[in-house]
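> Give me a model of this one.
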Amino acid sequence: MGIFSFFSKEKKQDLDKGLEKTKTSFFGKLSKAIIGKSKVDDEVLDNLEEILVTSDVGVDTTLRIIERIQKRVSRDKFLGTAELNQILREEISGLLGEADRSQLVEGFDFPPRELPYVIMVVGVNGVGKTTTIGKLAYQFKAAGKSVVLGAADTFRAAAVSQLEIWAGRVGVPCISQGMGADPASVAFDTLKSALARKADVVIIDTAGRLHNKINLMNELSKIRNVMQKLIPDAPHEVLLVLDASTGQNAIEQARQFTASTEVNALALTKLDGTAKGGVVIGISDQFRIPVKYIGIGEKMTDLQPFIKEEFVDSLFN
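Residues are numbered from 1 along each chain as shown. Now for the predicted structure:
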């Protein structure tokens, strides 16, 4: 059984605390919008639309939610404002995607593999990419897996040194060639080292530059092609890290990176420091890529698996 195969009481409390700013902002606005109202009418829906947009749910997703509620109003003829929370809860839950539970278990307690499980981490600088890698490495190691990190973000000297610091803190090897090295060469050496060590997991950091999408695409493709010389189906996971506190910027970053590489998992960081947690809903709905992890604090264990039922419960309870 994996370390994330059940949601402990402590983790639930951490999630509740991490979503507190979003919850307070959203429901504070909602309470003001429906005060003195007995039913869901056009004015309530207009106010709700504004609240969702300003909570960074996104325009497209907001309109989808409003349209569904309008259909329910039309069907049921009368909906009281007291029922609005439950309706919102159901509609938001229906729009959220998440990683298959077996993937979460596989990630942390997969059966023995002949070759390492390779994760390539992408995202712009400053979103918490290196911290996410460090926390992932810690949790893999806590699950009894051997981990090797690869410092393929060679565009910045700080990126290499930060990853090496995290590797030392967690107690796992980090393969690096310093600033200015060829990222694909670093990735190749990392996989070569991991194969020699018979490691279970490889996590490769990459540069987060969006100023030239073609260069980004070429670099990520080159890294992928070089890795596949050693492990044909690598990377098994392309994890895009986004900073939830940037709201709509996170959605734009998701758009850029999904156009540049085959992202198949998302991690949203810094949810504890923002009232913009609605961005999780918008990103999940718009890109149809499973949210796999959410960051809700500074502790090593504060990178949690995204379980939509737990997320919605914490948001609405």
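> so how many other residues sit close to residue 316?
16 (other C-beta atoms under 10 Å). All C-beta atoms are positioned from the backbone trio N, CA, C, and that covers glycine.
> From what I see, it and residue 85 are in contact.
Yes: checked against C-beta atoms under 8 Å, the pair residue 316 and residue 85 is within contact range at 6.2 Å.
> From residue 202, how far out is the residue nearest to residue 200 when sequence neighbours are not counted?
Using C-beta to C-beta, 6 or more residues apart in numbering and skipping the chain neighbours, the partner closest in space to residue 200 is residue 145 (4.0 Å). Per C-beta to C-beta, to the nearest Å, residue 145 is found 11 Å from residue 202.
> same thing with residue 249?
From residue 249 to residue 202 the distance is 29 Å (C-beta to C-beta).
> Between the two, which is the more surrounded one?
A side-by-side neighbour count of residue 249 and residue 202, using other C-beta under 10 Å, places residue 202 first with 29 against 16.
> Tell me the bridge partners for the residue nearest the centre of the chain.
Residue closest to the mean C-alpha point of the chain, counted by C-alpha atoms, centre = their mean, is residue 267 at 1.6 Å. Partner residues in beta bridges with residue 267: residue 241, residue 293, with DSSP bridges as the criterion.
> remind me which residues of the protein are low pLDDT?
Residue ranges of the chain with pLDDT under 70: 1-7, 77-78, 98-112, 210-213.
> For the stretch 101-250 of the chain, which segments count as strands?
117-122, 147-152, 174-175, 201-206, 237-243 (DSSP state E, counting those that start in this stretch).
> Make TSV from those and add distance to residue 58 to it.
Output for the strands of the stretch 101-250 of the chain, formatted as TSV (distance: least, C-beta to C-beta, whole Å):
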stretch	distance to residue 58
strand 117-122	21
strand 147-152	31
strand 174-175	37
strand 201-206	26
strand 237-243	13
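> quick one: which of the ones you listed is nearest residue 309?
strand 237-243 (21.7 Å; C-beta to C-beta).
> Determine the angle, from 0 to 180 degrees, between that closest one and strand 117-122.
30 degrees (axes from the mean of the first three to the mean of the last three C-alpha atoms, to 10 degrees).
> Run through the neighbouring helices and strands of strand 237-243.
strand 117-122, helix 129-142, helix 248-260, strand 265-269 (3 or more C-beta pairs under 8 Å, 6 or more residues apart in numbering; DSSP states H and E).
> now what about it, what contacts it?
Residues from elsewhere that reach strand 237-243 (C-beta atoms under 8 Å, 6 or more residues apart in numbering): 107, 117-123, 126-129, 132, 249-250, 253-254, 257-258, 261-270, 279, 283, 289, 292-293.
> Just the buried ones among these, please.
107, 117-123, 127-129, 132, 249-250, 253-254, 257-258, 261, 263-270, 279, 283, 289, 292-293 (16 or more other C-beta atoms under 10 Å).
> Roughly how far does residue 178 sit from residue 151?
Distance from residue 178 to residue 151, by C-beta to C-beta: 9 Å.
> ok, the residue nearest to residue 81 when sequence neighbours are not counted - contacts?
Of all residues not flanking residue 81 in the chain, residue 34 sits nearest, at 4.3 Å (C-beta to C-beta, 6+ apart). Listed by C-beta under 8 Å, 6+ apart, the contact partners of residue 34 are 44, 47, 81, 84.
> Sitting in strands, which of these do you find?
Assigned to strands by DSSP state E, none of the contacts of residue 34 qualify.
> and the residues you listed as CSV, adding distance to residue 232?
CSV is the format used below for the contacts of residue 34 (distance: C-beta to C-beta, whole Å):
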residue, distance to residue 232
44, 55
47, 54
81, 57
84, 52
